[in-house]
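>>> Predicted model and sequence follow; I will ask about them next.
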Amino acid sequence: MRGTGQRPGPAVAMRFDQFSDHYMKVTDEKGGQSFEIYGPEFLREYVSSLPKKGAHLMARNLTQPLGYDAVQKKFAAWRKNLGDEARAFTLHGLRKLAIIELAEAGATDAEIQAVTGQSAEMVAYYRKKPAERL
């Protein structure tokens, strides 16, 4: 989610074939549209390092992704092991972080909206976050 800006469902269901060269194909869950966007280098490197146990990055079997609930449970268990400071981390928070990182990288509001499917108001809200982190 962090590198894609997608909602949790489509991010969990991503397949290896959605990544090529410097781009990845993402899906706007609400609008049902798919389009190619630039894939951040850290995400491309991570995806290329994953063992292929099926078509999906997070595979249940050869043809199906893990379900959102299974990923949420694993994420919660991982977060619990980090101690009290980790309680604030959520799967949806990774998407919010992607929006902030896009803003920090110089993406326009329209570009962020195209990638995340967020409203103009939400993009403007998260655009303020990079300045607050300084």
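Sure, I can see it.
>>> can you count the residues close to residue 108?
Look at residue 108: counted by other CB atoms under 10 Å, it has 12 neighbours. The C-beta positions use only the backbone N, C-alpha and C, and glycine is treated the same way.
>>> shift numbering so it begins at 660
Okay, using 660 as the starting number, the last item reads as residue 767.
>>> any idea how far residue 740 is from it?
38 Å (CB to CB, to the nearest Å).
>>> Name the residues that touch stretch 685-704?
Identification of contacts with stretch 685-704 by CB atoms under 8 Å, 6 or more residues apart in numbering yields 661-666, 668-669, 677-678, 681-684, 706, 760, 773-774, 776.
>>> pull the CA atoms of the strand or helix carrying residue 773 into CSV?
Assigned by DSSP states H and E, residue 773 belongs to helix 768-775. As requested, the backbone C-alpha atoms of helix 768-775 are provided in CSV (Å, rounded to 0.1, in the frame of the first residue of the first chain):
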residue,chain,number,x,y,z
ASP,A,768,-2.7,17.3,-6.6
ALA,A,769,-4.1,16.0,-9.9
GLU,A,770,-1.4,13.4,-10.1
ILE,A,771,-1.9,12.3,-6.5
GLN,A,772,-5.7,12.1,-7.2
ALA,A,773,-5.1,10.0,-10.3
VAL,A,774,-2.9,7.5,-8.3
THR,A,775,-5.0,7.3,-5.1
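>>> wait, isn't residue 664 in contact with residue 756?
No - at 9.2 Å, residue 664 does not count as touching residue 756 under the criterion of CB atoms under 8 Å.
>>> That concludes my questions; thank you for your assistance.
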